[in-house]
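Asks: Fold the following.
(one chain, ligands or ions: 1)
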Amino acid sequence: MSAFPPNPDAERMVRFQTESRGVRDARVLDAMRRVPRDRFVPAGHRADAWADRPVPIGHGQTISQPFMVALMTEALGLRGSERVLEVGTGSGYQAAVLGELASEVFTVERIAELAGTAARTLEDLGCANVTVVIGDGCRGLAEHAPFDAILVAAAAPAVPGALRDQLADGGILVVPIGESAGVQVLTMVRREGARFTIEEGTGCRFVPLIGEGAFDA
Ligand code: SAH
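Replies: Prediction:
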């Protein structure tokens with residue numbers, strides 16, 4: 001991504017919404033200081049771009065709360081060399097943050113119009129290592145697998161099998177699991193060879209993952 005001028009709004013967001021709540025990974029905090037979140041929010045909601053909550057992006061979808069972006073990104077433990085899959089591009093903001101922290105990012109969105117807008121924003125900002133794909137992310141992206149890290153930005157009823165199977169050895173998958181309308185649990189799945197371990201984290205609230213093996217439209 002091209003260099004961005006220091007942004008006092010981003011600085012405040014990082015300090016008071018993420019650092020103060022325990023996110024410590026300096027690379028994650030730095031990426032969130034740099035990515036201009038306001039560019040990913042529709043013009044009518046720009047005043048809320050840095051607010052401590054999800055913001056509507058159209059089609060009944062939202063750009064996730066900054067703290068949730070930080071927490072999920074930190075959980076992936078990215079060092080810079082990884083190939084990452086995101087399911088649920090939405091505005092493209094989370095993908096841009098991942099692009100700052102990994103080598104290559106693929107992000108899948110089922111709503112073509114959101115995917116188009118996100119792809120344009122990412123291109124305008126020079127996020128050259130992020131690729132937006134239109135489709136059902138529940139199936140993953142077999143042609144680009146395996147992935148060192150997978151982030152699902154929508155709530156699933158259970159860990160999507162295809163995503164689990166597309167994890168690289170040593171890879172990690174972060175996905176909110178639970179009822180579509182209720183509270184979900186942020187769930188981390190780690191792969192060591194043929195072995196998968198599951199760890200449950202904080203409660204969270206996401207829009208539903210809609211597709212094969214998840215919720216109906
Ligand atoms: N990460 C986004 C926010 C995601 S909101 C951001 O930074 O703005 C969740 C998104 O997941 C919505 O845009 C929704 O359309 C999408 N989605 C839901 N089910 C999906 C599926 N099966 N495949 C791909 N995208 C899906």
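Asks: Within range of the ligand, give me the residues from the chain.
Replies: With C-beta under 6 Å from any ligand atom as the criterion, the chain comes near the ligand at residues 61-64, 87-88, 90-91, 93-94, 108-111, 114, 136-138, 153-154, 207, 209-211. C-beta: built from backbone N, CA, C; applies to glycine.
Asks: Now tell me what touches the helix or strand harbouring Pro176 from outside.
Replies: For Pro176, the host element (DSSP states H and E) is strand 167-178. For strand 167-178, the external contacting residues (C-beta atoms under 8 Å, 6 or more residues apart in numbering) are 72, 75-77, 83, 146-152, 154-160, 163-164, 184-193, 204-206.
Asks: after it, next one along is what?
Replies: Criterion used, DSSP H and E; the element after strand 167-178 is strand 184-192.
Asks: Let me see the mean pLDDT of that following strand.
Replies: Averaged across strand 184-192, pLDDT comes to 98.
Asks: quick one: the strands in this protein?
Replies: Taking DSSP state E to define them, one finds strands in the chain at 55-58, 61-63, 83-87, 104-109, 130-134, 147-152, 167-178, 184-192, 195-204.
Asks: between the ones you listed, which gets nearest to Pro8?
Replies: Among those, the nearest to Pro8 by C-beta to C-beta is strand 55-58 (18.9 Å).
Asks: so where's the chain shaky on pLDDT?
Replies: 1-2 (pLDDT under 70).
Asks: contacting residues around Cys127?
Replies: 1, 92, 95-96, 99 are the contacts of Cys127 under C-beta under 8 Å, 6+ apart.
Asks: tell me how far the ends of stretch 3-13 are from each other?
Replies: 19 Å (C-alpha to C-alpha, to the nearest Å).
Asks: So what touches that stretch?
Replies: Residues contacting stretch 3-13 (C-beta under 8 Å, 6+ apart): 32-38, 49-50, 52, 66.
Asks: try it again with 10 Å
Replies: Here stretch 3-13 makes contact (C-beta atoms under 10 Å, 6 or more residues apart in numbering) with 14, 19, 32-39, 49-52, 66-67, 70, 125-126.
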